[in-house]
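Novice: Just a sequence and a predicted model for now, questions to come.
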Amino acid sequence: MSDNTPAWASELTVAFKSGASGQCVLFGNVHDRLAVNDQLISIDRYLQHMLLSDVQVILAYDLGNGLTVERGEEYLAQWVPSSLRNLPLEPLEAVRFINRFARYLANVRAVKRHEVPSVAVLVRGADQLLPADGQGFQHGSLTCLVRDWGLSSPFSLLPFVSFLIADNLTDLDPLVVFAPQVKLVRIPLPSAAELELALRALHREYPRTIPATTNFPALAAAITGLSVNTLQQIAKVRAHHGQILGSHDFAALKKEMVERDAPGLVEFVESTRTLDDYFGQDVLKDWLRQDIALWRINDIKALPMGYLLCGPVGTGKTFLVECLAGEAGVPVLKLKNFRDKWIGSSEANLEKIFRLIHALGRCIVFVDEADQTLGRRDSGIADSGLSGRLYSMIAQEMANTDNRGKVVWVLGSSRPDLIEVDLKRPGRIDLKVPILPTATREQSRGLIAALAKRYDLNVTDAQLQDMLPTIPAMMTPGAAEALVVKAYRVSRTEAVAPGAALARCLKGYQSAIPQDVLELQMRLAIQEASDLAFVAEELRHFATGGSAVTD
């Protein structure tokens, strides 16, 4: 193995060459390319020509081409001379053909007592051949026969190994996936080091598009999250137009490609905002800045695995995440609706999302409305256990300590009491932060002033001070923004001075959230808080069930 051998390839080689596993399942980024000796080759070709270079017979099967002999035709000709002219197309016949050949080799070794050729079988699109929701007699027969490749004689007594290649592990029949002798190997999206090798290979092919002066490590770091296939496509387009490829090309392209690789599942957000743009809650902002400082110097022992932002609707939880991402200088993946009506599709969608998360390196994963999105441990029979399975996958991913310092999970919810306790425990969510309305009229005045400035609504401090008796306390940023927008509209459409327009809108102001709902959500958020230091003194009575409003 060379120093540039991917970790998954080393893991795979040890599994089958040691004899520990006679069957390996490869899943994930299985259709990508690798840079080998200044060339980009497919993973299929890498598997055959690098990892299986000393295997004498390689058979391959997929539903489109049927059974093919990739190497070692002479050994099959010794068995049945006509066999090469009648290779089966149908899956059950192809598997039986392989089984008969294996038994022939076992008999040869037993009778003639000499070594037989080593055999490898590649099954491409194994999730189409042995789908997780497969039913019927033929599917059962196929599953039984393919499992035998890794478990039973004569295969276990021969130099025989099989590789089942699938996009998503959850799409493959669990009877195969969880067989005792199966080795599961996930092929991730390429690391920055692998992308750098790919860039150097493309440099030799397109020297004008990727010149020798390129900062290859920096460019590779900027494009993590892309596959080598995507990188190659972009390089070809730039070469066609005679353009130089640079890191500036990838800000929008990376967003587009990540969302294309997981269509409708995630939203890729690159924020230009910082915590300076977030109004109020200075204690919280100081804490977050300390966490970011630790993140930047890679001192991750005290870095939270995740945050829970809880508070009433309209308090700016999503906006805070954007500010946090901009301050940290990392992208945000916002989870969208990854649930699907087809059996196994929701789990496969989550696998795609996890692959993107791992490939992006440092990033923030934001789950809005987490009480609805993340599922529950006990989902009953209403959804055939889907919510429970999704919950288990997400909980396991959030608790993966290898992600500390790489992935920060941020959950947002107005009803944190509905999120499973296990998901909120330390080790998954280390910091629970209440995001609350303004505590006093004076704070509301400052919030309105900040928003009025953003909307170019010219209201002086003196005018706002005069309006203070009509400015309500317990105002959310969403409500304040709606008020400022209304005042801006009145000012523009009725030729009213900005101050007068705002004063008029304040007289008829009513909160968009009923008071009892607002107080309930505040109480839940404050009771959930990791530290009451995040809660203004005027609002701490909510922790014990109070409901007074402070001027």
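Specialist: Nice, I can see it.

Novice: what's the domain layout of this structure?
Specialist: Domain ranges of the chain: 7-187, 192-246, 268-434, 441-507, per automatic domain parsing.

Novice: right, and the helix or strand after the least confident helix or strand in the chain by mean pLDDT?
Specialist: Counting by mean pLDDT, DSSP states H and E, the weakest-scoring helix or strand in the chain turns out to be helix 250-261, with a mean of 64. Heading C-terminal from helix 250-261, the first helix or strand you meet, by DSSP states H and E, is strand 266-269.

Novice: partners of that next one in the sheet?
Specialist: Using DSSP bridges, strand 266-269 pairs in its sheet with strand 332-335 (antiparallel).

Novice: circling back: comparing the domains of the chain, which gets the lowest mean pLDDT score?
Specialist: Looking at those, the lowest mean pLDDT belongs to domain 268-434 (a mean of 84).

Novice: what about that domain, start to end distance?
Specialist: 25 Å (C-alpha to C-alpha, to the nearest Å).

Novice: How about stretch 270-286?
Specialist: One end of stretch 270-286 sits 22 Å from the other (C-alpha to C-alpha).

Novice: what's the helix or strand for the residue lying closest to P217 once chain neighbours are set aside?
Specialist: Among residues not flanking P217 along the chain, E196 sits closest, at 5.9 Å (C-beta to C-beta, 6 or more residues apart in numbering). Every C-beta, even on glycine, is put in place using the N, C-alpha and C of the backbone. Using DSSP H and E, E196 falls within helix 192-205.

Novice: Going by neighbour count, which residues in that helix are buried?
Specialist: 192, 194-203 (16 or more other C-beta atoms under 10 Å).

Novice: same thing with stretch 436-448?
Specialist: Under 16+ other C-beta under 10 Å, the buried positions of stretch 436-448 are 436-441, 443-448.

Novice: Test my guess that P331 contacts A359.
Specialist: No - between P331 and A359 there is no contact under C-beta atoms under 8 Å: 11.3 Å.

Novice: what is in contact with the two at once?
Specialist: Common neighbours of P331 and A359 (criterion: C-beta atoms under 8 Å, 6 or more residues apart in numbering): G225.

Novice: how many neighbours does V36 have?
Specialist: Other residues lying near V36 total 17 when counted by other C-beta atoms under 10 Å.

Novice: quick one: contacts for it?
Specialist: V36 neighbours (C-beta under 8 Å, 6+ apart): 4, 46, 50.

Novice: and the gap between the second one and T224?
Specialist: Counting by C-beta to C-beta, to the nearest Å, the gap between Y46 and T224 amounts to 20 Å.

Novice: Look at those two and report which has more neighbours.
Specialist: The neighbour count for Y46 versus T224, taken as other C-beta under 10 Å, is higher for T224 (21 against 18).

Novice: for that one, what are its contacts?
Specialist: Each residue near T224 by C-beta under 8 Å, 6+ apart is listed here: 189-192, 195, 359-361.

Novice: what's the closest non-adjacent residue to L502?
Specialist: L502's closest residue in space is A487 (C-beta to C-beta, 6+ apart), at 4.1 Å.

Novice: Quick one: list the elements packing against the host helix or strand of the one you found.
Specialist: For A487, the host element (DSSP H and E) is helix 477-493. The contact analysis (3 or more C-beta pairs under 8 Å, 6 or more residues apart in numbering; DSSP states H and E) places helix 477-493 against helix 441-454, helix 498-507.

Novice: buried stuff in that helix?
Specialist: Buried-residue list, helix 477-493, by 16+ other C-beta under 10 Å: 477-484, 486-488, 490-491.

Novice: can you list those in JSON lines and add distance to L84?
Specialist: Converted to JSON lines, those look like this (distance: C-beta to C-beta, whole Å):
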{"residue": "P477", "distance to L84": "72"}
{"residue": "G478", "distance to L84": "71"}
{"residue": "A479", "distance to L84": "76"}
{"residue": "A480", "distance to L84": "77"}
{"residue": "E481", "distance to L84": "73"}
{"residue": "A482", "distance to L84": "75"}
{"residue": "L483", "distance to L84": "79"}
{"residue": "V484", "distance to L84": "78"}
{"residue": "K486", "distance to L84": "79"}
{"residue": "A487", "distance to L84": "82"}
{"residue": "Y488", "distance to L84": "78"}
{"residue": "V490", "distance to L84": "84"}
{"residue": "S491", "distance to L84": "84"}
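
Novice: a helix runs through N4, doesn't it?
Specialist: No - if the criterion is DSSP: H, G, I helix; E, B strand; the rest coil, then N4 is coil and not within a helix.

Novice: is it true that it touches R200?
Specialist: No - assessed by C-beta under 8 Å, N4 is found out of contact with R200, at 10.9 Å.

Novice: okay, and the common contacts of the two?
Specialist: A35.

Novice: for the buried residues of stretch 436-448, which one is nearest Y307?
Specialist: Using C-beta to C-beta, L436 is the member of these that sits closest to Y307, with 15.2 Å.

Novice: ok, the residue lying closest to that closest one once chain neighbours are set aside to L245 distance?
Specialist: Nearest residue to L436 in three dimensions, chain neighbours excluded: G311, at 5.3 Å (C-beta to C-beta, 6+ apart). Using C-beta to C-beta, G311 is found at 44 Å from L245.

Novice: These two: who's more crowded?
Specialist: Each of G311 and L245 has its neighbours counted (other C-beta under 10 Å); G311 has more, 27 against 24.

Novice: Grab the longest helix from the chain for me.
Specialist: helix 91-112 (DSSP state H).

Novice: what residues does that helix touch?
Specialist: 59, 61, 63, 66-67, 76, 79, 83, 87-88, 114-117, 119, 121, 129, 138, 141-142, 145-146, 148-149, 153-155, 157-158, 160.

Novice: Same check on stretch 463-472?
Specialist: 441-442, 444-445, 448-449, 499, 502-503, 506-507, 509, 511.

Novice: Please identify the buried residues of that stretch?
Specialist: When neighbours are counted by 16+ other C-beta under 10 Å, the buried residues of stretch 463-472 are found to be 463-464, 467, 471-472.

Novice: Let me see the contact set for S118.
Specialist: With contact taken as C-beta under 8 Å, 6+ apart, S118 is in contact with 54-57, 159-160.

Novice: again, but for A328
Specialist: 292, 295-296, 362, 364.

Novice: Identify the residue spatially nearest to F338, adjacent ones excluded.
Specialist: According to C-beta to C-beta, 6+ apart, the nearest residue to F338 is N349 (4.1 Å).

Novice: What's the local residue count around that neighbour?
Specialist: N349 has 24 neighbours, counted by other C-beta under 10 Å.

Novice: what's the neighbour count on the closest residue to R204 other than its chain neighbours?
Specialist: In this structure, R204 finds its nearest non-sequential neighbour in D38, 5.6 Å apart by C-beta to C-beta, 6+ apart. The number of residues packed near D38 is 12, by other C-beta under 10 Å.

Novice: so D38 makes contact with L199?
Specialist: No - assessed by C-beta under 8 Å, D38 is found out of contact with L199, at 11.4 Å.

Novice: neighbours around the closest residue to S530 other than its chain neighbours, how many?
Specialist: Leaving aside its chain neighbours, S530 sits nearest to K432 (4.6 Å; criterion: C-beta to C-beta, 6+ apart). Counted by other C-beta under 10 Å, the residues lying close to K432 total 22.

Novice: Quick check: bridge partners of K432?
Specialist: Beta-bridge partners of K432, as defined by DSSP bridges: L308.

Novice: what's near enough to touch L539?
Specialist: For L539, the contact set (C-beta under 8 Å, 6+ apart) comprises 436, 439, 522, 526, 550.

Novice: Relative to M305, which of these is nearest.
Specialist: I526 (22.6 Å).
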